[in-house]
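Engineer: Provided below for reference: sequence and predicted model.
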Amino acid sequence: MQGLQGIDEVTVDLAAGTATVKGDITDEAVIKAITDIGYEAKRQ
């Protein structure tokens, strides 16, 4: 996530298996970055 432009903040909850991303970036770009490295991602 550090390499993506437009991200201001990322909060990860390992127990819940979730991450919250804040910034000026599309949901699709975030989901693609996560799935490209082998994790499952979807918008909630």
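Structural biologist: Nice, I can see it.
Engineer: before we move on, which element is the residue lying farthest from the centre of the chain in?
Structural biologist: Within the chain, Ala15 marks the point farthest from the mean C-alpha position, 16.3 Å out by C-alpha atoms, centre = their mean. Ala15 belongs to no helix or strand when elements are defined using DSSP states H and E.
Engineer: quick one, helices of the chain?
Structural biologist: Taking DSSP state H as the criterion, the chain carries its helices at 27-36.
Engineer: tell me, what residue is most central in it?
Structural biologist: Val30 (4.6 Å).
Engineer: nearest residue to that one other than its sequence neighbours?
Structural biologist: Nearest residue to Val30 in three dimensions, chain neighbours excluded: Val21, at 5.2 Å (C-beta to C-beta, 6 or more residues apart in numbering). Glycine gets a C-beta too; all of them are placed from N, C-alpha and C.
Engineer: cross-check the contact I'm expecting between that neighbour and Met1.
Structural biologist: Yes - if you go by C-beta atoms under 8 Å, Val21 and Met1 touch, sitting 7.0 Å apart.
Engineer: give the residues shared as contacts by these two.
Structural biologist: 7, 10, 30 (C-beta atoms under 8 Å, 6 or more residues apart in numbering).
Engineer: and the first one, how far is that from Val30?
Structural biologist: Computed as C-beta to C-beta, to the nearest Å, the Ile7 to Val30 distance reads 8 Å.
Engineer: report the set of residues contacting both of these two.
Structural biologist: 1, 21.
Engineer: quick one: contacts for the nearest residue to Lys22 once chain neighbours are set aside?
Structural biologist: Nearest residue to Lys22 in three dimensions, chain neighbours excluded: Glu9, at 4.4 Å (C-beta to C-beta, 6+ apart). Glu9 makes contact with 20-23 under the criterion C-beta under 8 Å, 6+ apart.
Engineer: ok, the residue nearest to the centre of the chain touching Ala41?
Structural biologist: Yes - under the criterion of C-beta under 8 Å, Val30 makes contact with Ala41 at 7.2 Å.
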